[in-house]
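Peer 1: Structure, please.
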Amino acid sequence: MTPYRNLIIGFALLLTGAVGLTTTGGSCYSMGNMMGGGMNQGDMKGMMKDMMGAQLPPGIEPTELPEAQSNGAKLLVQYCSQCHDLPSPGMHSAQAWPSVVERMNQRMQMMSGRNMMGMMHDIKAPEDRELEVLIAYLEKYAQKPIDRSQYEDLNSTAGKTFSTICSQCHALPDPKQHTDDEWPAVVQRMVQNMKLMGKSVPDEETVETVLGFLQKHTR
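Peer 2: As a prediction, this is how the structure comes out:
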């Protein structure tokens with residue numbers, strides 16, 4: 001058995017579920033296209049959105065990436081937007097990114113044609129050196145979790161509101177990772193993400209409370 005046995009079995013089950021979507025969700029993917037090598041990146045993104053629904057967070061534009069012209073940013077665009085929208089480096093913490101990348105890399109290796117007989121002929125997998133650069137980039141610009149011991153007012157009304165709202169989708173962020181001027185746009189983007197993902201969306205007063213707490217502690 002190959003080391004990808006379980007992944008291949010899992011992906012076969014995924015494809016079986018995708019076929020079910022063709023009759024229940026109006027998806028246009030057919031088993032003939034998938035097994036015949038006709039499934040491209042656009043098909044993959046569409047299938048993933050159909051299957052995952054609101055579980056996948058909205059992506060960002062390449063120009064929104066920090067150091068957008070760096071090798072790390074270019075690798076993120078090249079590989080991580082093949083099957084879904086472009087993720088923000090702030091989606092996970094530096095501690096979490098290596099395992100996330102490893103999991104995604106296993107899937108890319110499986111679908112790249114090396115182990116799936118070319119079924120996903122447009123999916124490319126990174127080389128080891130590229131993975132090192134990519135992980136280093138993601139760790140550099142990752143979500144910085146808050147150090148609770150440094151914020152005594154987390155137990156205040158504003159602090160509790162911030163904790164409740166901002167921990168719905170990710171680790172509670174450190175307010176010092178953005179400036180006073182940067183936080184309003186970040187908070188509004190998160191509100192839009194919550195709407196798209198079906199999360200509990202705060203009202204305007206609550207948003208202002210969260211923003212006030214963040215701006216109180218910015219760098």
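Peer 1: Domain map for the protein?
Peer 2: For the chain, automatic domain parsing gives the domain ranges 5-140, 148-216.
Peer 1: among the ones you listed, which gets the worst mean confidence?
Peer 2: Within those, the stretch with the lowest mean pLDDT is domain 5-140, showing a mean of 74.
Peer 1: List the contacts of the closest residue to Ala142 other than its chain neighbours.
Peer 2: Of all residues not flanking Ala142 in the chain, Ala94 sits nearest, at 4.1 Å (Cβ to Cβ, 6 or more residues apart in numbering). The way it works is simple: take the backbone N, C-alpha and C, and place the C-beta from them, glycine included. Applying Cβ atoms under 8 Å, 6 or more residues apart in numbering, one finds that Ala94 lies in contact with 138-140, 142-144.
Peer 1: Return the closest of the residues you listed with respect to Thr218.
Peer 2: Lowest distance from Thr218 to the contacts of Ala94 (Cβ to Cβ) belongs to Lys144, with 12.6 Å.
Peer 1: what number of residues lie near that closest one?
Peer 2: Using other Cβ atoms under 10 Å, Lys144 has 16 neighbouring residues.
Peer 1: how close does it sit to Pro58?
Peer 2: 21 Å (Cβ to Cβ, to the nearest Å).
Peer 1: Please apply the same query to Val101.
Peer 2: 20 Å.
Peer 1: so what's Thr161 up against?
Peer 2: 206, 209-210, 213.
Peer 1: please redo it, this time with the cut-off set to 10 Å
Peer 2: 202, 205-210, 212-213 (Cβ atoms under 10 Å, 6 or more residues apart in numbering).
Peer 1: so Gln143 makes contact with Gln177?
Peer 2: Yes. With contact defined as Cβ atoms under 10 Å, Gln143 reaches Gln177; the gap is 7.8 Å.
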